[in-house]
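> Okay, here's the prediction I keep looking at, along with the sequence it came from:
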Amino acid sequence: MPTATDFDAAARDLDAAVERLQSFTWGLVRTVDPAAMSGSSLTALVDRSVETLLTETAAAGTQCALLATLCRQRAEICRRYDSLWVGYESRIAEFHRIAAMASPGEYVGSPPMPPSPPAPWVDRS
C-alpha cells in the first residue's frame, strides 16, 4: 500500500502535470492566430478544435489538481497513523519493561493494543 512518501510524490507529479497542461494551453492560445485563419474554410474547424482542446485541457488540469489535493490529504492521514504507531511502540515497550520487573503472578494489566488503520488504504510508512 502507498505510504505518506508515496502520496507526497504522487501529489508533486500531479502538480507538475497541471503546470505542463497550463503551459500547453497558453502555448496553444499563442500559436493559433484567428486572424491568420479568417476567411479560410478551416476557420470553423480551427475554432472548434481550439475550443475543444482548451476545454479538455482545463478539465484535465482541474482533475489533476483535485487528485493532488487528495494525495496530500492521504499523506497527512498516513503521517498521523505513523504517529499513532510511535506512541503505541512507546507504550508497549513500557508495558514489557513493567512486566519484566513484576513478581511472578503479579498482575500488570493488559498490553496496549496497536492502532487500527483509519482507512483500508492506510499502511505504516
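Arrived safely, thanks for sending. Residues are numbered from 1 along each chain as shown.

> And Ala17, how close does it get to Ala65?
9 Å (C-beta to C-beta, to the nearest Å). C-beta here means a position set from N, CA and C on the backbone, and glycine is covered the same way.

> wait, I meant Glu94
Distance, Glu94 to Ala65, by C-beta to C-beta: 44 Å.

> Neighbour count: the two, which is higher?
Remark: of Glu94 and Ala65, Ala65 carries more neighbours, 16 against 11, as counted by other C-beta atoms under 10 Å.

> helices and strands of this protein: which one bottoms out on pLDDT?
Taking mean pLDDT, DSSP states H and E as the measure, the helix or strand of the chain with the lowest value is helix 34-37, at a mean of 62.

> mind listing the helices for the chain?
In the chain, the helices defined using DSSP state H lie at 4-31, 34-37, 43-101.

> Nearest to Ser116, out of the ones you listed?
Nearest to Ser116 among the helices of the chain is helix 43-101 (9.1 Å), distances taken as C-beta to C-beta.

> Against which helices or strands is the closest one packed?
Applying 3 or more C-beta pairs under 8 Å, 6 or more residues apart in numbering; DSSP states H and E, one finds that helix 43-101 makes contact with helix 4-31, helix 34-37.

> what about it, distance to the chain center?
In terms of C-alpha atoms, centre = their mean, to the nearest Å, the gap separating the centre of helix 43-101 from the centre of its chain is 2 Å.

> pLDDT of that helix, averaged?
For helix 43-101, the mean per-residue pLDDT is 92.

> Compute the inter-axis angle for that helix and helix 4-31.
Interaxial angle, helix 43-101 versus helix 4-31 (axes from the mean of the first three to the mean of the last three C-alpha atoms, to 10 degrees): 170 degrees.

> The helices of the chain: which one's closest to Ala119?
In terms of C-beta to C-beta, the element of the helices of the chain nearest to Ala119 is helix 43-101, at 6.8 Å.
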